[in-house]
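Participant: Need coordinates for the below:
(2 chains)
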Amino acid sequence: MSKPSIPKGTRDFGPTAMARRQWLFDTLRGVFEKHGFVPIQTPSFENLSTLTGKYGEEGDQLIFKILNNGDYLAKADEGLLASKNSKALTASISKKALRYDLTVPFARFVVMQRNELTFPFKRYQIQNVWRGDRPGKGRYQEFTQCDCDIIGTESTLAELELVQIFHEGLSALGVPGFRIAINDRRILQALSEVSGVPASSFTDWTVAVDKLDKVGLEGVAREFESRGIPGSAMAMIENLLDIRKASDAHAALGQMAELLGAGENATQALQELEDLVCRAKRAGVPERNLHVDPLLARGLDYYTGAIFEVVVEGAPVGSICGGGRYADLTGIFGWKGVSGVGVSFGADRIEDVLNHVDGWPALSNVGLDVMVAQMESGDVKAELAAAQACRQAGLSSELYPDSAKFKKQFKYANDRGVRWVMVLGEDERASGVVSLKDMAEGHQDQLPLAEAIAKIQASSAGFID
RNA sequence: GUGGCUAUAGCUCAGUUGGUUAGAGCAUCGGUUUGUGGUGCCGAGGGUCGUGGGUUCAAAUCCCAUUAGCCACCCCA
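Facilitator: Sure, this is the predicted structure:
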């Protein structure tokens, strides 16, 4: 007899966790809808070719591939099979894969549905994604992303709206001490150019920069060396570290402008960031929650403009949200020149943070307002009618399914955390009342059914968290 | 992928330098008389000590292998 288990990096969610998660999703949904986003869903798995080549080489390897049905080996390429070249063989034995994020499937969706949609199109999407990563703290193989994207406009008001949504969403969830870091790929591009990094090494450069917080300056230097980036580029990194210490976003942007000189793209990006920060501040996003971080890089290949990341100080997980502008993600699906920007809330990591700081509101997972006890006679006519009357009055109710001893029935109600128990015995029926016990207080009264219902309605549903 | 730690009841863990029938708490179930839960008291069930080999008169304990999990590194959102 082997104990059952679930794959590493996956989790079961019990009633308590689900009460919290549903509240989390409801809260974010409310924020998205308040900003005019509409929901969509896409399939859990896509054609493998839709996903590959969008997330960088590392990302591609983390995509969960689905083996073809049928006798896939018989149909596989003989030569590749014999050479045991897994990577090359994949294409001939797998045509589908679990989605890796919600953004690429969204781009695919937009291209396919373009004639049905009105642009700019604002959608939100709360669904699972899968990554074949090595699981660890705050790292799952299956997790839920809550995305909202605006596609079909280059207006920087879209970035502003998403920053507001970060602030409104995380505030509504009660996430403490979150910090929205913003940067721009165009600025990064210019920085790498100014520091003498060949254009072909830009991606390598961003990967190394992204690691700074983990590996330190020496680590980045080693990265540069192993990736063939001139050591002279280190000077810039140190400058950027200084900028991080700037008193505010305005000062940071000013220093960055000095480093960059007159590159046109970068100048525009700097101006846009400046505007974004100002407008966000005016829109009520506190300065302490918003930081311009010249070292924020982000790994995904498709970002071209503003990029975002949200971290929580002292939290046991990495970033809880991410996002950015992608100028032409639909281009790879055959529709060029459609710019979009989006952000993603990592529900599972936010859940981890709230667990860590014990920051959940009081949520009931009881799901039952009143339980009707069953008499030994097993004649349930009056009980069924009472339970139904409760439901018609908008209460959730159930009749205990067996004519068990009261001790057992009351224990069941207690263990479930049900506050109210109704008893309709001989005596009650004779006098046209019900007995209603308040499990929280321990009192019990006899009163007409209608009054009992009113009393329950006046109380809150459960008494155990 | 590298290093370290761990594996004993449903859960969390004790278990001495190897030595009789492997324990506790929690959980579960039953009892504590009439139609009533939570706290108390009494009782019960439940383990081939991760798996396979070895050393020994004797292994939960020592050795080897193997599997799984945890932590750190690496990598990444």
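Participant: And A:Arg99, its phi and psi?
Facilitator: For A:Arg99, the backbone dihedrals are phi -70, psi 150 (criterion: degrees, to the nearest 10).
Participant: ok, now which ones touch it?
Facilitator: Listed by Cβ atoms under 8 Å, 6 or more residues apart in numbering, the contact set of A:Arg99 reads A:Thr42, A:Pro43, A:Ser44, A:Phe45, A:Glu46, A:Leu51, A:Pro105, A:Gln127, A:Val129, A:Trp130. (Each C-beta comes from the backbone N, C-alpha and C, glycine too.)
Participant: Which among these count as buried?
Facilitator: By neighbour count, with 16 or more other Cβ atoms under 10 Å, the contacts of A:Arg99 hold A:Thr42, A:Phe45, A:Glu46, A:Leu51, A:Pro105, A:Gln127, A:Val129, A:Trp130 as buried.
Participant: Quick check: which ranges of the stretch 251-400 of chain A have low pLDDT?
Facilitator: A:262, A:299 (pLDDT under 70).
Participant: ok, which residues in it are in contact with RNA strand B?
Facilitator: A:Arg298, A:Gly299, A:Leu300, A:Gly318, A:Ser319, A:Gly322, A:Gly346, A:Asp348, A:Arg349 (Cβ under 7 Å from any atom of the strand).
Participant: Now that you've got the residues you listed, can you turn the buried subset into something I can paste into ChimeraX?
Facilitator: In ChimeraX syntax, the buried subset of these is picked out as below (16+ other Cβ under 10 Å):
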select /A:298,300,318,319,322,346,348,349
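Participant: contacting residues around stretch A:28-36?
Facilitator: By Cβ under 8 Å, 6+ apart, stretch A:28-36 touches A:39, A:122, A:124, A:126, A:146, A:148, A:161, A:164-165, A:168-169, A:172-173, A:345, A:347.
Participant: Of these, keep whichever come out buried.
Facilitator: Counted by 16+ other Cβ under 10 Å, the contacts of stretch A:28-36 give A:122, A:124, A:126, A:146, A:148, A:161, A:164-165, A:168-169, A:173, A:345, A:347 as buried.
Participant: From the domain annotation, what segments belong to each domain of chain A?
Facilitator: Domain assignment of chain A by automatic domain parsing yields the ranges A:15-357, A:370-458.
Participant: Name the nearest of the contacts of stretch A:28-36 relative to RNA strand B.
Facilitator: Ranked by distance to RNA strand B (Cβ to the nearest atom of the strand), the contacts of stretch A:28-36 are led by A:Ala347 at 9.8 Å.
Participant: ok so, going back, as CSV, the residues of the stretch 251-400 of chain A next to RNA strand B with secondary structure would be great.
Facilitator: Shown next, in CSV, are those (DSSP: H, G, I helix; E, B strand; the rest coil):
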residue, secondary structure
A:Arg298, coil
A:Gly299, coil
A:Leu300, coil
A:Gly318, coil
A:Ser319, coil
A:Gly322, strand
A:Gly346, strand
A:Asp348, helix
A:Arg349, helix
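Participant: can you tell me which of the residues of the stretch 251-400 of chain A next to RNA strand B lies nearest to RNA strand B?
Facilitator: Nearest to RNA strand B out of these is A:Gly299 (Cβ to the nearest atom of the strand; 1.6 Å).
Participant: just the contacts of A:Arg99 now: which is nearest RNA strand B?
Facilitator: Distances from RNA strand B to the contacts of A:Arg99, taken by Cβ to the nearest atom of the strand, are shortest for A:Val129, at 7.6 Å.
Participant: Wait, the closest one touches A:Ala97, no?
Facilitator: No: using Cβ atoms under 8 Å, A:Val129 is not in contact with A:Ala97, being 11.3 Å away.
Participant: in stretch A:176-184, what's buried?
Facilitator: A:Phe178, A:Ile180, A:Ala181, A:Ile182, A:Asn183, A:Asp184.
Participant: returning to what we had before: can you tell me which of the contacts of stretch A:28-36 are in helices?
Facilitator: Within these, residues falling in helices by DSSP state H are A:Glu161, A:Gln164, A:Ile165, A:Glu168, A:Gly169, A:Ala172, A:Leu173, A:Ala347.
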